[in-house]
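**Student:** Have a look at this prediction, sequence included:
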Amino acid sequence: MSPLTLLARLGRSTLAALAAVGRVVLFAASTFSHMLRPPFYPREFLIALLNVGWLSLPVVGLTAVFTGGALALQIYSGGARFNAEAVVPQIVAIGMVRELGPVLAGLMIAARVTSSIAAEIATMKVTEQIDALVTLSTHPMKYLVAPRVLAALLTVPALVAVGDIIGIAGGYVVSTQSLGFNPAAYLKNTVDFLELRDVISSLCKGAAFGTIAAIMGCYYGMTSGRGAQGVGRATKGSVEAAAVLILAANFALTGVFFSL
Amino acid sequence: MIRLQNVHKSFGDNTVLRGLSLEIPKGTSMVIIGGSGTGKSVALKSVLGLIQPDSGEIHVDGKPAHQGDRDAFLARFGMLFQGAALFDSLPVWQNVAFRLLRGSLKRPKDEARAIAIEKLRRVGLKADVADRLPAELSGGMQKRVGLARAIAADPEIIFFDEPTTGLDPIMSGVINDLIREIVVEMGATAMTITHDMTSVRAIADNVAMLHEGVIKWTGPVADMDTSGDPHLDQFIHGRADGPIEAVR
């Protein structure tokens, strides 16, 4: 292959990638625009709140409790190498609140909610339900997309907050029941060590990750191809894109909150 | 009156409509026939604005179809989709009354439900299906619910996309009769796309034969059998030999 052909292929791939990014950005801008302009669909919003928030609580909670417990064990055994076992409460707290709570909640939402949104909307597209909405004078962006994204934007920070607390509780139970920590001292160390900035960063990450998860689910659903294969591709693509974007956004937000 | 003039539409390299021109007089029932992939659905969706034509003009009652208040424009239409396209998450009555529960045609919930049940009765369904989900209904019942939804807001223009596809002959006959009765009763302008010749004879005032993106023949249904058009003759008699390639 000649260098010129290689360069042309590279150029085409770069342009295609940039065009894809542009389409997602325009879709997100359109979503926020529809979120702010009537008509609004409160029933759809309440259903989305239930699906995204309440029904995701068990999976986020279970993920957090096991992660908090494992984190306590790891820090204890790792810390023992240089006589730093006592930092378990502080590291569990900071680890859960700053990183693991929001990231794991975001990834669980990507797995549970993004896939569900993408599959549902893609199926609606394949079965002409989206066209039916249009003929019934209902804008699909307002009826399907805006309520889901708004629900994720509002509920995922709450899920992250609950996940943070449950994760710390997991570390607390393991530390006090298995590792011999004093319960009162553990709680005091946790509370004293955490700063407001840690909590705010956690909630902001939750809002960002929830928005990314819902937008990617809606985008892939609305742009899905035909047939069962189209629905499958949309679902797979949405989860992959949401997971990667959540991790990238986590890196960027960590930089914004803690490196400046 | 609906008028399509020199409408072109391509999807990538695939040119579907190549200068489609067609007039549907007010209060008449036009059936567009043609093989699969000849652009029937694209033509219908272009009128509604679900697909944007590349060029050409579409007028409804003398006004450009896609200018002005879109909600007001769409409020004049009802559409029965090929697979009924009912919303899975909503019970039957909310599907039928969808337009009456939101937007400019919004009515109180009780009134919307009463209208939905009345429309369900009109298409031969009992009130007890109102609270069932679409997935609990047979294909024929789903089509009837789709028909009830299409007429729920008493539209001036109704589109039927392959209304009898996937139904047994008896249920097809029931749907054809319902469509004819409703169109006559409401005085609506109807545009149907199908390749079911039984439907054509039951529903149509006028017929248009679409092939390779253009209208090959159009005229009253009574003239269809004596048209002398080789495309139409081949299609209505279902012959493999003729100007339409059997393998597409």
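**Tutor:** The structure has been received and is ready for your questions.
**Student:** what sits up against stretch B:68-77?
**Tutor:** With Cβ atoms under 8 Å, 6 or more residues apart in numbering or on different chains as the test, stretch B:68-77 has contacts from A:134-137, B:48-49, B:60, B:65-66, B:99, B:103-105, B:153, B:155-159. C-beta here means a position set from N, CA and C on the backbone, and glycine is covered the same way.
**Student:** Which residue, other than its chain neighbours, is closest to the residue nearest in space to the middle of chain A?
**Tutor:** Taking Cα atoms, centre = their mean, the centroid of chain A lies closest to residue A:106, which sits 2.4 Å from it. Sequence neighbours aside, residue A:209 is the residue nearest to residue A:106 in space, at 3.2 Å (criterion: Cβ to Cβ, 6 or more residues apart in numbering or on different chains).
**Student:** just checking, what packs against the helix or strand containing that neighbour?
**Tutor:** Using DSSP states H and E, residue A:209 sits within helix A:196-222. In terms of contacts (3 or more Cβ pairs under 8 Å, 6 or more residues apart in numbering or on different chains; DSSP states H and E), helix A:196-222 is packed against helix A:3-36, helix A:101-109, helix A:115-126, helix A:146-177, helix A:227-258.
**Student:** now the last one against helix A:3-36, angle please.
**Tutor:** What that stands for is helix A:227-258. Calculated by axes from the mean of the first three to the mean of the last three Cα atoms, to 10 degrees, helix A:227-258 forms an angle of 80 degrees with helix A:3-36.
**Student:** Any stretches of the chain with poor pLDDT?
**Tutor:** Just so you know, I chose chain A. Scanning chain A for pLDDT under 70 picks out A:260.
**Student:** actually it's chain B I care about, not the one you picked
**Tutor:** Using pLDDT under 70, chain B drops low at B:246-248.
**Student:** Return the residues of it in contact with chain A.
**Tutor:** B:45, B:48-50, B:70-71, B:74-75, B:77-79, B:81-83, B:85-89, B:98-99, B:102-105, B:149 (Cβ under 8 Å from any Cβ of the partner chain).
**Student:** Which of these are buried? Put it as a ChimeraX command.
**Tutor:** Per 16 or more other Cβ atoms under 10 Å in any protein chain shown, the buried members of the residues of chain B next to chain A correspond to this ChimeraX selection:
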select /B:45,48,49,50,74,75,77,78,79,81,82,83,85,86,87,98,99,102,103,105,149
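**Student:** For chain A, what is the nearest residue in chain B?
**Tutor:** residue B:85 (4.0 Å; Cβ to the nearest Cβ).
**Student:** To what extent is the closest residue to residue A:120 other than its chain neighbours buried, counted in neighbours?
**Tutor:** Closest residue in space to residue A:120, ignoring its immediate chain neighbours: residue A:221 at 6.8 Å, by Cβ to Cβ, 6+ apart. The tally of other residues near residue A:221 (other Cβ atoms under 10 Å in any protein chain shown) stands at 28.
**Student:** what's the answer for the one 5 residues further on, then?
**Tutor:** Neighbour count for residue A:226, taken as other Cβ under 10 Å: 10.
**Student:** next one: the one 4 residues further on
**Tutor:** The local packing count at residue A:230 equals 16, with neighbours defined by other Cβ under 10 Å.
**Student:** Ok, residue A:3 next?
**Tutor:** Every residue meeting other Cβ under 10 Å relative to residue A:3 is counted, giving 7.
**Student:** Tell me the spacing between it and chain B.
**Tutor:** 30 Å (Cβ to the nearest Cβ, to the nearest Å).
**Student:** residues from chain A in reach of chain B?
**Tutor:** So far as Cβ under 8 Å from any Cβ goes, chain A lies against chain B at A:39, A:41, A:47, A:124, A:127-129, A:131-132, A:134-138.
**Student:** how about CSV for those residues, with neighbour count added?
**Tutor:** Listed next are the residues of chain A next to chain B as CSV, based on neighbours: other Cβ atoms under 10 Å in any protein chain shown:
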residue, neighbour count
A:39, 15
A:41, 18
A:47, 15
A:124, 24
A:127, 19
A:128, 21
A:129, 22
A:131, 20
A:132, 26
A:134, 19
A:135, 23
A:136, 27
A:137, 21
A:138, 20
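**Student:** Which one of the residues in the stretch 151-260 of chain A is closest to chain B?
**Tutor:** For the stretch 151-260 of chain A, Cβ to the nearest Cβ, closest residue to chain B: residue A:226, 11.8 Å.
**Student:** If anything else comes up later, I'll come back, but that's it for now.
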